[in-house]
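K.L.:
After the sequence you'll find the predicted model.
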Amino acid sequence: MNRLSVLRAAGFAMALLLAACAAPVRPLATPPEASVTPLPPSPPELPALPSPTPHPFAGLTEWDVVVIGDSSLWGVGEPYAALIEQTYAVQVNLHDEWQGGLSAGTILKALRGEFEHSAKREKWPQLIRDAEVLVVFGNPQDSLDSQTAAIGWACVEFSDPGPGNIAPEQFAAYQTDLGAIYEEVAALRAGRPLILRAAGTYNPALNEWRAEGFDDLCVAFWEGLNAAVKQAAEAYGVQFVDTYAAFNGPDHTQDPREQGWIREDGEHPSDAGAQHYAALLLASGNATWVYERP
């Protein structure tokens with residue numbers, strides 16, 4: 001091929017190239033749309049695990065829980081101990097020291113060393129020294145004048161108390177005795193903290209009193225009793241546990257037997273009532289008490 005032929009061939013090739021560039025470019029065929037497997041949904045955010053409830057006795061794996069009171073505390077100690085174990089992850093050594101008819105005056109004597117020949121009461125001072133938790137309630141019978149005490153016993157026995165009058169000052173000696181109990185507890189503790197709970201008492205017989213028509217006087221007695229417990233506790237900085245409101249409602253007009261909280265004997269906590277009482281004690285928290293004399 002001569003030189004001219006070569007130039008003509010190169011020019012022809014260039015023309016074809018330019019023509020190809022000028023032609024519209026066809027897009028590549030889109031492949032059939034592939035099926036896409038959706039991603040699994042994100043798992044729901046789990047709630048944070050609750051932190052263990054802190055307690056004021058760091059490092060202790062065992063607590064001594066002492067319950068001292070009359071039969072209004074019958075059966076309460078065991079469910080309360082179980083709730084403490086579940087809540088604070090400690091082992092509880094329960095000292096269930098309730099006694100039927102136990103009065104504040106009798107408790108005070110025992111803490112002062114006057115045990116009245118009771119081997120059980122002789123243990124109380126040492127139990128209180130060793131305790132992490134103490135629940136205490138004593139009835140007012142030894143702290144009242146004879147007429148007021150007679151009204152109280154009649155109400156407890158569901159009998160007509162007869163004519164009478166109830167005023168706050170009739171419970172002044174009772175309030176003084178409760179304060180003296182806290183003084184003795186403070187002396188036994190010697191400045192060491194204690195989860196101390198001052199319990200009031202519920203009214204198990206409201207409907208029966210109403211039916212017999214002597215509820216005014218008996219309710220006045222119950223109001224005076226619980227007010228004295230609360231005032232003594234507040235005076236000494238002790239946590240008051242209002243079992244009266246918990247069992248009888250905030251206005252004290254409900255009969256706890258209607259809730260199934262009282263045994264068939266009409267007076268003491270049923271299993272459900274004891275559990276209700278124990279939950280109330282637990283709900284009072286773990287704040288500790290150390291009394292410093294003014």
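P.N.:
Now that the structure is in, tell me what you want to look at. Numbers count the residues shown, from 1 in each chain.

K.L.:
CA atoms for contacts and neighbours, from now on please.
P.N.:
Fine.

K.L.:
Counting neighbours, which bits of the helix or strand containing Arg121 end up buried?
P.N.:
Following DSSP states H and E, the helix or strand that holds Arg121 is helix 119-122. Burial within helix 119-122, assessed by neighbour count using 16 or more other Cα atoms under 10 Å, is assigned to Arg121, Glu122.

K.L.:
Quick one: distance of it to the chain centre.
P.N.:
Taking Cα atoms, centre = their mean, to the nearest Å, one finds the center of helix 119-122 at 29 Å from the center of the full chain.

K.L.:
Quick check: mean pLDDT of the longest strand seen in the chain?
P.N.:
Using DSSP state E to define each element, the chain has its longest strand at strand 62-69. Mean per-residue pLDDT for strand 62-69: 98.

K.L.:
for stretch 91-110, same thing?
P.N.:
Stretch 91-110 shows a mean pLDDT of 96.

K.L.:
how long is that stretch end to end?
P.N.:
One end of stretch 91-110 to the other measures 28 Å (Cα to Cα, to the nearest Å).

K.L.:
tell me which residues in it are buried?
P.N.:
The neighbour-count check on stretch 91-110 (16+ other Cα under 10 Å) flags 91-92, 94-99, 102-110 as buried.

K.L.:
Ok, stretch 56-66 next?
P.N.:
Here stretch 56-66 shows Trp63, Asp64, Val65, Val66 as buried, counting by 16+ other Cα under 10 Å.

K.L.:
And for stretch 169-183?
P.N.:
Using 16+ other Cα under 10 Å as the test for burial, stretch 169-183 gives 170-175, 177-183.

K.L.:
Identify the residues contacting stretch 207-220?
P.N.:
Ile151, Gly152, Cys155, Phe158, Asp160, Pro161, Gly164, Asn165, Ile166, Ala167, Leu206, Asp255 (Cα atoms under 8 Å, 6 or more residues apart in numbering).

K.L.:
how far out from the middle of the chain is that stretch?
P.N.:
On the basis of Cα atoms, centre = their mean, stretch 207-220 sits 31 Å off its chain's mean C-alpha point.

K.L.:
Quick one: mean pLDDT for the helix holding Arg121?
P.N.:
Mean predicted confidence for helix 119-122 is 89.
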